[in-house]
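need a 3D model of the following:
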Amino acid sequence: MELRELETFRAVVEAGGVGRAADRLNRAQSSVTARIRQLEASLGVALFDREGRGLRLTAAGDALLGYADRLLELASEARAAVRDDVVGGRLRLGAMESVAASRLPHPLAAFHRDHPRVSVELQTAPSRELVARVQARALDAAIVGDEVDDERFVRVPLYTEELVLVGPGGRALPREPARLSGSTLLVFHGNGCAYRRRMEQWLQSRRAVPGRVLEFASYHAILASAAAGVGISLVPRSVLDIYPQRGALSVAKMPSQLARIRTALVMQRGRHVPALTQLANCLREDARKAARGK
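Next up is the predicted model:
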């Protein structure tokens, strides 16, 4: 079992087929097929069920995929460790959708200028899902809005977000929980969103019950719906600041215990990835600048 065989195997899985994997790897399809067959021969098992022109992972292939990821990551770390003069490789970064839109563009641009050999793959999801992906090694690190106390993780504090209540322009927004009963709440989809949980816990503690809850997959859609009068929402001010139709919204500050939430970069403890260390430094510096600018 060789690293090139594992790289080819992972490429076929990620691309969803031999042809697309060959294009990604810039190799002939016959070469990709030959490496997969060599890997299967060395392991003594079939890794794919071949259904017409399609491929589906067997149970053995599914089991191998996790090990392949770990072995290839270790190989990348080993290369980086002996070549401290060059920071390169692939970084899989996760972030909440709000952070990806409002916080990451500038520090990622700076990081790419300083480290052009590093490929950053960004995934967005709610905080709880991101933490699970880091734990499963599907992500190298993630920016989340939850406290992560697990001793398996390193937590690097970053941005302090202020959450504000938004609704249609020209209307006074209720800030007392009792006055929010019966209202339509606009929230980010899924129960893993830290901001959504903050709002729901606050309402529950005051026995306030919204009339209905509508879920959205993006903050842009939430803000547009709030501006149109569909309902009200709790969003980070950093997202509101980049919304082009901000004038169409009413904005209200919230109590400090509800309004402030600290985001952090979380990664597995004990991993040495030079590119991730450099990215963490870049994000930390950007967070310091953002704090000074307030």
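
rounded mean pLDDT for the strand or helix carrying Thr160, please.
Following DSSP states H and E, one finds Thr160 within strand 153-168. Mean pLDDT, strand 153-168: 89.

report the buried residues of it.
Buried residues in strand 153-168, defined by neighbour count with 16 or more other CB atoms under 10 Å: 153-156, 158-159, 161-168. In this view, the C-beta of every residue, glycine as well, is placed from N, C-alpha and C.

and the furthest pair within these?
With distances taken as CB to CB, the most widely separated pair in the buried residues of strand 153-168 is Val154 and Pro168, at 42.4 Å.

give the helix, strand or coil label for Ala46.
Classification of Ala46 by DSSP: H, G, I helix; E, B strand; the rest coil places it in coil.

residue contacts, it?
40, 58, 60-61 (CB atoms under 8 Å, 6 or more residues apart in numbering).

and for Thr8?
Contacts of Thr8 (CB under 8 Å, 6+ apart): 21, 25, 32, 35-36, 39.

switch the cut-off to 6 Å
32, 35 (CB atoms under 6 Å, 6 or more residues apart in numbering).

what pLDDT is listed against it?
As predicted, Thr8 sits at a pLDDT of 86.

quick one, helices of the stretch 1-150 of the chain?
Per DSSP state H, counting those that start in this stretch, the stretch 1-150 of the chain carries helices over the ranges 3-15, 18-25, 29-43, 59-81, 97-102, 105-114, 127-135.

make JSON lines from those helices and add distance to Ala227 to it.
Listed next are the helices of the stretch 1-150 of the chain as JSON lines, based on distance: least, CB to CB, whole Å:
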{"stretch": "helix 3-15", "distance to Ala227": "39"}
{"stretch": "helix 18-25", "distance to Ala227": "41"}
{"stretch": "helix 29-43", "distance to Ala227": "50"}
{"stretch": "helix 59-81", "distance to Ala227": "43"}
{"stretch": "helix 97-102", "distance to Ala227": "17"}
{"stretch": "helix 105-114", "distance to Ala227": "23"}
{"stretch": "helix 127-135", "distance to Ala227": "26"}
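
for Cys282, give me its contacts.
Contacts of Cys282 by CB under 6 Å, 6+ apart are 107, 110-111.

excluding sequence neighbours, find me the nearest residue to it.
Setting aside the residues directly before and after it, Cys282 is nearest to Phe111 in space (CB to CB, 6 or more residues apart in numbering), at 4.6 Å.

where's the one you found relative to Val166, distance?
Taking CB to CB, to the nearest Å as the measure, Phe111 falls 31 Å from Val166.

same check, this time on Ala60
Counting by CB to CB, the gap from Ala60 to Val166 is 51 Å.

what's the burial count for Arg284?
15 (other CB atoms under 10 Å).

for it, which non-adjacent residue is closest in space?
Arg284 sits nearest to Val156 (CB to CB, 6+ apart), 6.3 Å away.

list the contacts of the closest residue in space to Arg155 that isn't next to it in sequence.
Nearest residue to Arg155, sequence neighbours excluded (CB to CB, 6+ apart): Ala264, at 4.9 Å. Ala264 sits next to 155-158 when contact means CB under 6 Å, 6+ apart.
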